[in-house]
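A.B. asks: next input, structure requested:
(2 chains)
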Amino acid sequence: MSQDAYNYLFIGLSFALYIGIAIRQRAGSTKEYYTAGGGVSPFANGMATAADWMSAATFISMAGLLATSGYDGSRLLMGWTGGFVLLTVLMVPFLRKFGKATVPDFVGDRFYSKTARLVAVVCAIFICLTYIMGQMRGVGVVFSQLFEVEIATGVWIGGAIVFFYAGLGGMKGITYTQVAQYCVMVFAYTIPAVFIAIALTDSVIPQLGFIGNYTAGETAIPFLQKLDNVNKELGFAAYTSGSLSKIDMFCITAALMCGTAGLPHVIVRFFTVKNVKAVRTSACWTLGFIAVIYLTAPTIGGFARVNLIESLHDTPHTEAPAWFKDFEKTGQMAWQDKNGDGKIQYFGPEREKIGDLNELTYGADIMVMANPHMAGLPKWAIALLMTGCIAAALSTAAGLLLVLSTAISHDLMKKVIKPNLSDREEINYARMASLGALLVAIYFGINPPAAFIAKTVAFAFGMAASSFFPTLLMGIFSRRMNKEGAIAGMAVGILFTLGYIIYFQFMGGTKDQHLLGISPEGIGFVGMLLNFGVAAIVASFTPPPPKEVTDLLDVVRYPDTQEEESVIAPH
Amino acid sequence: MGKTNAARERYWKANLKYVGGLLTVWFIVSFGCGILFRDWLDVHFPHVGSAPFGFWMAQQGSIICFVFILIAYAILMGRLDDTYNHDEEDQS
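C.D. replies: Predicted coordinates for the structure are as follows:
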């Protein structure tokens, strides 16, 4: 059977599975549409959340970024998993207890104001949109590979599938399909890694191979040593040292962490379990499931790096492996014979300084897809990986679209503009909103605002860190925080962050203009500090919140208060 | 119902104490070991396999610690909820 046949077979089967589940679990009411009726087991919810979490950025782009940037890539590893800790201990149990189905809903009630709700809706829209853009790009990369078409066409195909899929089932359908998707993803991610680990390091467990010896060469040397050697030889920074400044690294990691804790589509996930105790158990499962993939990612990155260089550098183009030509066809890898010797030379900045010409260019996003080809894995393993990539992008995009459409239909239409909306109409508005959002996301998927998927996604986290994270935190832990403070803080935080990103990504700002050397990826951390500061100052000059609201806080803080009423009922 | 304010206050204080403690560990393993003191740890701490300690913490160790932090949180809070509920029985 040919590679294409395997790909179609695996992807077709996985789709049949997802659609089958989605149809069986079709949402009947708005409550089921938004939160699956609130009765999902912690284990299943943990898996679904992990699938939601593991986006195309994680699945496709992260290992690629680790491969090209070595230690610097740790910011994504620590940022995304560390943020989950913040989310679990600082946010979710309290928000769950408060019993509001969406983040703008919490903000609107806690800060007793329609304006606050509106600002929160706008923030949610911006964050989710940016995040979906990254996902659409990921879907595009995979489909362009599958059908051997340009990425733009791939994005359109993916968009059509995501729309159909997200509108179909609502939260209930999504939760159970995501369980299936997690299973697909974890096999798709770890199996190729195991094969490659055996080939390169003689170790069955990739994490041990990573810190063990490289045995594919003539003499066995420590694998990381090997990585540092090949990198330095070709003029790149040593794999284990990295090139970002400490302050930038700190800020980006912090922005990713706090952003994770403010991501609306993940927070809403914890409304699908029974009670606060189940939320905590569910969070342990989720992080456990996430860790399986996150601990494998750096090993895949490292292995891919060695493989890429060993199989391409100094190889005559005519003898280059078949997969290289496939990637050239879709424009994801390119070779330009600058010195006319017919061989592929791959050099980093240090070697280019002394006059060596780099002839190989490729997008880091392609590394994970190329990895099994480079390692010569069996065809079914490659097909499995593709299926996993699509699962990752679909699950996250669908979850995000759901939150986005909820923000518009529930928080904007129902709560602010047209309070007498019926259940049916509300779901219809939700579907229209997701179509609109998807079209915008497709446009930016084709014209991405940053070179890597992971970078686009990092912007979304920056915005979440500067708007929702501080506001939610103050809303839960401070009795004094009032609506004026919260609104001012959110507005200043997100405008500052968005402005900084737009200035440097779209208006040609240069590196030496960076504030304190912090790149746009990390600016969300500064935006967050601004949000805290502005909110505290404004709140101290304006009247404290009314007593009803501080009473609400008691409900959130103590386990015995009004447990029955806090069961989700989004009207 | 009928919880005394003192019991509630104790519950909330204990909650804050646990969160504070766990987040301190969280900060040390990620920002501390993985970023701020990485260079020093790379040189002065024993390697993990063939990986320098700081580098390993940044790419693998911190994530493993995070999982344990959440497990500890679930256990501690579960226990706290239980004591709180027993308190209630004594009172009423």
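A.B. asks: tell me which residue is most central in chain B.
C.D. replies: Nearest residue to the geometric centre of chain B (Cα atoms, centre = their mean): B:L22, 2.1 Å.
A.B. asks: how about the contacts made by the residue in the stretch 101-250 of chain A that chain B sits nearest to?
C.D. replies: Closest residue of the stretch 101-250 of chain A to chain B, Cβ to the nearest Cβ: A:I211 (2.8 Å). Yep, even glycine has a C-beta here, placed from its N, CA and C like the rest. Counting by Cβ atoms under 8 Å, 6 or more residues apart in numbering or on different chains, A:I211 touches A:P222, A:F223, A:L224, B:V48, B:G49, B:S50, B:A51, B:W56.
A.B. asks: on the three-state scheme, the residue nearest to the centre of chain B is what?
C.D. replies: Following DSSP: H, G, I helix; E, B strand; the rest coil, B:L22 is assigned to helix.
A.B. asks: ok, it touching A:V89?
C.D. replies: Yes - between B:L22 and A:V89 there is a contact under Cβ atoms under 8 Å: 6.1 Å.
A.B. asks: overlap of the contact sets of those two?
C.D. replies: Shared contacts of B:L22 and A:V89, counting by Cβ under 8 Å, 6+ apart, come down to B:Y73.
A.B. asks: for the residue in chain B that chain A sits nearest to, give me phi and psi.
C.D. replies: Going by Cβ to the nearest Cβ, chain A is nearest to B:G49 of chain B, at 2.8 Å. In terms of degrees, to the nearest 10, the main-chain angles of B:G49 are phi 60, psi -120.
A.B. asks: apart from its neighbours in sequence, what residue is nearest it?
C.D. replies: A:I211 (2.8 Å; Cβ to Cβ, 6 or more residues apart in numbering or on different chains).
A.B. asks: and the one you found, how far from A:H313?
C.D. replies: Separation of A:I211 from A:H313 (Cβ to Cβ, to the nearest Å): 25 Å.
A.B. asks: same question for A:M54.
C.D. replies: Taking Cβ to Cβ, one finds A:M54 at 32 Å from A:H313.
A.B. asks: neighbour-wise, which of these two wins?
C.D. replies: A:M54 (28 against 17; other Cβ atoms under 10 Å in any protein chain shown).
A.B. asks: quick one: least confident helix or strand in the chain?
C.D. replies: Here I'm looking at chain A. Ranked by mean pLDDT, DSSP states H and E, the helix or strand of chain A with the weakest confidence is helix A:30-35, at a mean of 55.
A.B. asks: I was after chain B.
C.D. replies: helix B:38-44 (a mean of 76).
A.B. asks: tell me the helix or strand right after that helix.
C.D. replies: helix B:53-56 (DSSP states H and E).
A.B. asks: going on from that following helix, what's the next piece of helix or strand?
C.D. replies: helix B:62-91.
A.B. asks: I'd like to know which elements that following helix is packed against.
C.D. replies: The contact analysis (3 or more Cβ pairs under 8 Å, 6 or more residues apart in numbering or on different chains; DSSP states H and E) places helix B:62-91 against helix A:74-86, helix A:276-312, helix B:5-27.
A.B. asks: the shortest one close to chain B?
C.D. replies: Yes - between helix A:74-86 and chain B, judged by Cβ under 8 Å from any Cβ of the partner chain, the touching residues are A:S74, A:L77, A:M78, A:T81, A:G82, A:F84, A:V85, A:L86.
A.B. asks: how big is the angle separating that helix from helix B:5-27?
C.D. replies: 170 degrees (axes from the mean of the first three to the mean of the last three Cα atoms, to 10 degrees).
A.B. asks: against which helices or strands is helix A:74-86 packed?
C.D. replies: helix A:63-69, helix A:246-261, helix A:276-312, helix A:453-477, helix B:5-27, helix B:62-91.
A.B. asks: alpha carbons of that helix, as PDB, please.
C.D. replies: Extracted C-alpha coordinates of helix A:74-86, given in PDB (Å, rounded to 0.1, in the frame of the first residue of the first chain):
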ATOM      1  CA  SER A  74      12.200  25.400  27.100                       C
ATOM      2  CA  ARG A  75      10.100  28.500  27.500                       C
ATOM      3  CA  LEU A  76       7.300  26.800  25.800                       C
ATOM      4  CA  LEU A  77       7.700  23.600  27.800                       C
ATOM      5  CA  MET A  78       7.800  25.300  31.200                       C
ATOM      6  CA  GLY A  79       5.400  28.100  30.200                       C
ATOM      7  CA  TRP A  80       2.500  25.900  29.200                       C
ATOM      8  CA  THR A  81       2.800  23.200  31.800                       C
ATOM      9  CA  GLY A  82       3.700  25.700  34.600                       C
ATOM     10  CA  GLY A  83       0.700  27.800  33.700                       C
ATOM     11  CA  PHE A  84      -1.500  24.800  34.300                       C
ATOM     12  CA  VAL A  85      -0.400  24.700  37.900                       C
ATOM     13  CA  LEU A  86      -1.400  28.400  38.400                       C
END
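A.B. asks: got a list of contacts for the following helix or strand past that helix?
C.D. replies: Next in sequence after helix A:74-86, counting helices and strands by DSSP H and E, comes helix A:92-98. For helix A:92-98, contacts defined as Cβ under 8 Å, 6+ apart pick out A:103, A:106, A:109-110, A:267, A:270-271, A:275-276, A:279-280, A:283, A:472, A:476, A:552, A:555-557, A:566, B:77.
A.B. asks: show me how to select, in ChimeraX, the buried members of these.
C.D. replies: The buried residues among the contacts of helix A:92-98 can be selected in ChimeraX (16 or more other Cβ atoms under 10 Å in any protein chain shown) with this line:
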select /A:103,106,109,110,267,270,271,276,279,280,283,472,476,552,555,556,557,566 /B:77
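A.B. asks: next up, the contacts around A:M257.
C.D. replies: Counted by Cβ under 8 Å, 6+ apart, A:M257 has contacts A:M78, A:G79, A:W80, A:G82, A:G83, A:L86, A:A465, B:S30.
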